[in-house]
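**Student:** Task: produce atomic coordinates for the following.
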Amino acid sequence: MEDTEPLEPAGEPGRTTYPFATWSPLFGLAGAVVALLAGLILSLPFFLAESPGDGEGLSLFGNVAIQICTGIGFIIVPIALASHYGGGFRASMRRLGFVSFRPSTALKWIGIGIFSYFAFAIVYGAVFGRPEQDDIAGDFGPIGIQILLIVFLAPFAEEICFRGMVFGGLRTKLPLWAAALGTGLFFGILHYSTGPSAVPSLIALGVIFAVVYEKTGSIWPPIIMHVVNNAFALTVISSS
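**Tutor:** So this is what the prediction gives:
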């Protein structure tokens with residue numbers, strides 16, 4: 001990416017540096033709740049059509065449709081919140097962190113982030129044992145669909161929601177450590193249903209993503225890191 005200075009967010013005279021968010025912490029947290037509800041509402045027709053009460057669970061189509069609807073909720077709500085402050089689509093996306101970044105800085109902090117996460121995972125595993133997380137990849141059928149949903153859609157949707165909207169809002173009032181921890185807690189608890197023992201690791205991962213966002217000044221590096229993480233996890237699952 002080209003190394004350029006972020007443009008000034010519309011409606012925020014004098015603000016030319018990170019954070020770009022123009023909403024309060026409360027609005028960011030409320031937005032995440034609304035994003036979850038939006039995903040559930042969009043998913044409801046598919047869930048009801050599948051009639052999961054028969055004990056057979058959802059079909060491949062139902063699982064894929066619900067995953068897509070969840071991702072859409074995580075994307076449209078942050079964009080709608082950012083658009084509320086005016087300046088057009090470009091300014092709205094800038095408020096969510098979609099600005100250029102320096103590749104060398106991104107590589108540096110992605111590397112630090114990956115090293116930090118593996119160090120945490122080793123220590124956590126030695127003390128508490130290896131965390132267990134449900135394998136949801138098989139619910140999405142062919143490997144191509146798994147890659148599309150897990151490696152690309154999930155990282156993009158979750159980063160725009162949790163780092164762009166939630167962390168961005170928290171960061172306008174809180175120091176880095178508090179905003180990153182708050183976002184990490186939200187991110188980890190959201191994944192509780194996939195395996196309680198994996199929540200601490202996911203909290204740590206959420207904190208690291210937030211720090212990478214802060215240090216690079218762009219949402220793209222944590223998205224890239226999230227893609228790499230999910231691709232690695234999917235590869236491990238596929239080979240096991």
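
**Student:** got the contact list for Ala35?
**Tutor:** 73-74, 76-78, 161, 165 (CB atoms under 8 Å, 6 or more residues apart in numbering). C-beta here means a position set from N, CA and C on the backbone, and glycine is covered the same way.

**Student:** Output stretch 127-138 in CSV with nothing but the alpha carbons.
**Tutor:** Presented in CSV, the C-alpha positions along stretch 127-138 are these (Å, rounded to 0.1, in the frame of the first residue of the first chain):
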residue,chain,number,x,y,z
VAL,A,127,-0.7,-24.0,32.6
PHE,A,128,-4.3,-24.8,31.7
GLY,A,129,-4.0,-27.4,28.9
ARG,A,130,-4.8,-27.0,25.2
PRO,A,131,-8.0,-25.1,24.6
GLU,A,132,-10.7,-26.9,22.7
GLN,A,133,-12.9,-25.2,20.1
ASP,A,134,-15.7,-26.7,18.1
ASP,A,135,-15.0,-27.4,14.5
ILE,A,136,-17.6,-25.4,12.5
ALA,A,137,-15.8,-25.6,9.2
GLY,A,138,-17.4,-28.9,8.3
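
**Student:** what residues are up against Ala198?
**Tutor:** 131-133, 191.

**Student:** swap in Lys108?
**Tutor:** Counting by CB under 8 Å, 6+ apart, Lys108 has no contacts.

**Student:** Present the contacts of Ala35 as JSON lines; the columns should include neighbour count and secondary structure.
**Tutor:** Listed next are these as JSON lines, based on neighbours: other CB atoms under 10 Å; DSSP: H, G, I helix; E, B strand; the rest coil:
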{"residue": "Gly73", "neighbour count": "22", "secondary structure": "helix"}
{"residue": "Phe74", "neighbour count": "25", "secondary structure": "helix"}
{"residue": "Ile76", "neighbour count": "18", "secondary structure": "helix"}
{"residue": "Val77", "neighbour count": "23", "secondary structure": "helix"}
{"residue": "Pro78", "neighbour count": "33", "secondary structure": "helix"}
{"residue": "Cys161", "neighbour count": "28", "secondary structure": "helix"}
{"residue": "Met165", "neighbour count": "32", "secondary structure": "helix"}
